[in-house]
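Undergrad: With the sequence up front, the predicted model follows.
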Amino acid sequence: MNQTLSLERLIQSLQTLEQDAITYIHQSEQEKGLLRHTLLGPKSKFAKLSKFIATLPKEDRATAGQLLNKTKRAIEYAIDEKQEEKEDNLSNIDMTMPGHRPTIGHYHPTTIVIHEMNEIFKYMGFSVYDGPEIETDEYNYDRVNLPLDHPARDLQDTLHLKDSPYILRTHTSSVEAHILQDFTPPYRFVIPGKVYRYENVNASNNIMFYQYQGLAVGTDITMAHLKGTLDTFIKKFFGNDRETRFRCKYYPEVEPGVGVDISCAFCKKKGCAVCKGRGWIEMLGAGMIHPNMLRRVGHDPSVISGFAWGMGLDRIVMQRYGINDIRSLYNGDIMYKE
């Protein structure tokens with residue numbers, strides 16, 4: 001976009017922006033807060049247009065300001081209407097009517113588990129987000145504190161696109177890197193999604209699998225918030241009788257880092273074949289977002305802090321549905337238990 005803009009061009013741009021925004025609102029399933037951030041936030045087209053008022057002749061600035069406010073009100077009104085429409089649809093459901101159960105077909109087990117986990121984290125104030133599966137080396141590695149010579153890169157066998165600088169993301173931490181760059185704190189997101197690694201495919205490993213990432217960024221966020229969040233999730237998802245254990249562990253994206261274990265449901269911490277005699281089962285990795293990642297996007301780590309975690313979804317799904325081969329989740333040739 002040019003550094004200067006005439007009043008006529010601004011009017012045309014605002015009209016186009018308003019039409020595009022209303023179309024986007026009608027088609028989107030995003031929650032109200034995320035819609036508002038997308039369309040009116042600091043990285044939005046609206047914010048970029050508003051900066052050009054200062055370049056207009058003085059006699060046009062008042063008119064331009066009125067037009068900007070009119071466009072903003074129209075977008076906000078459309079967002080509010082969409083929210084009311086969602087609430088009306090829910091209130092119009094007659095709970096006394098008999099439910100309809102399809103005779104065949106149901107959601108994939110991974111989808112069912114993702115939906116359940118999303119609802120738990122939504123209850124705790126998190127929004128659901130995702131990002132590109134085709135990534136750059138910068139977002140997949142550099143921005144998550146994995147420079148070119150970092151040994152942890154060797155643990156993630158990367159799939160490269162032929163004759164291209166792009167790769168398939170090896171973890172959902174790449175989406176965290178985008179969020180840190182694009183959003184202004186405070187915010188909380190969870191990120192379910194597919195990741196890819198060059199693995200020997202067998203009963204426990206696959207070239208594609210799912211991860212579930214989460215992060216919260218703001219002021220005065222501490223490890224206590226991370227522990228409370230994950231402890232609440234584990235009790236709601238696995239049951240109130242499950243306990244959590246936090247162990248010091250190294251992950252390049254966080255400092256300090258922790259491994260989070262849950263008590264074994266089979267032996268009640270006494271030790272068995274499932275937990276390999278330990279009484280605990282490793283669940284996920286987590287920690288406080290590394291200061292290097294915060295500095296990279298212009299945050300002062302002494303003011304802005306945050307926590308993040310990541311877990312593998314496939315083994316959780318396999319445990320719940322009694323599936324002993326990860327390939328069964330992706331070959332489309334299995335009758336799952338409901």
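TA: Nice, I can see it. Nothing here was measured: the structure is a model prediction, and the numbers come from that model.

Undergrad: For Ala265, list the residues it contacts.
TA: Phe238, Gly239, Arg242 (CB atoms under 8 Å, 6 or more residues apart in numbering). C-beta here means a position set from N, CA and C on the backbone, and glycine is covered the same way.

Undergrad: ok, the last one to Phe233 distance?
TA: This points to Arg242. 11 Å (CB to CB, to the nearest Å).

Undergrad: The two: which is more packed in?
TA: Higher neighbour count among Arg242 and Phe233: Phe233, with 23 against 17, using other CB atoms under 10 Å.

Undergrad: quick one: Lys276 and Phe209, what's the gap?
TA: 22 Å.

Undergrad: out of these two, which sits in the busier spot?
TA: Phe209 (19 against 11).

Undergrad: got a list of what the residue nearest to the more buried one when sequence neighbours are not counted touches?
TA: In this structure, Phe209 finds its nearest non-sequential neighbour in Asp314, 4.9 Å apart by CB to CB, 6 or more residues apart in numbering. Going by CB under 8 Å, 6+ apart, Asp314 touches Thr110, Asn206, Phe209, Tyr210, Ile326, Leu329.

Undergrad: surely Tyr107 meets Ile114?
TA: No. In this structure, Tyr107 is not within contact of Ile114 by CB atoms under 8 Å, at 9.3 Å.

Undergrad: Name the residue in the two with the higher neighbour count.
TA: The neighbour count for Tyr107 versus Ile114, taken as other CB under 10 Å, is higher for Ile114 (20 against 12).

Undergrad: mean confidence for the strand or helix carrying that one?
TA: According to DSSP states H and E, Ile114 maps onto helix 109-123. The average pLDDT within helix 109-123 is 93.

Undergrad: quick one: buried residues of it?
TA: Going by neighbour count (16 or more other CB atoms under 10 Å), the buried part of helix 109-123 is Pro109, Thr110, Ile112, Val113, Ile114, Met117, Asn118, Ile120, Phe121.

Undergrad: How about stretch 182-192?
TA: Phe183, Pro185, Tyr187, Arg188, Phe189, Val190, Ile191, Pro192.

Undergrad: what's the most distant pair in those?
TA: Using CB to CB, the buried residues of stretch 182-192 span at most 22.0 Å, a distance reached by Pro185 and Pro192.

Undergrad: Which secondary structure elements does the helix or strand bottoming out on mean pLDDT in the chain sit against?
TA: Every helix and strand of the chain was ranked by mean pLDDT, DSSP states H and E. The lowest is helix 58-91, at a mean of 81. For helix 58-91, the elements it packs on are helix 7-27, helix 32-40, helix 45-50, judged by 3 or more CB pairs under 8 Å, 6 or more residues apart in numbering; DSSP states H and E.

Undergrad: mean confidence for the longest one?
TA: pLDDT averaged over helix 7-27 equals 83, rounded to a whole number.

Undergrad: Could you check what's spatially nearest to the residue most central in space within the chain, not counting adjacent residues?
TA: Among the residues of the chain, Ile191 comes closest to the average C-alpha position under CA atoms, centre = their mean, at 2.5 Å. Counting by CB to CB, 6+ apart, Gln213 is the residue found nearest to Ile191 once chain neighbours are left out, at 4.0 Å.

Undergrad: what about the helices in this protein?
TA: Ranges of helices within the chain are 7-27, 32-40, 45-50, 58-91, 109-123, 137-140, 173-182, 223-238, 291-296, 314-321, based on DSSP state H.

Undergrad: right, and these - which one's nearest Asp157?
TA: helix 137-140 (12.7 Å).
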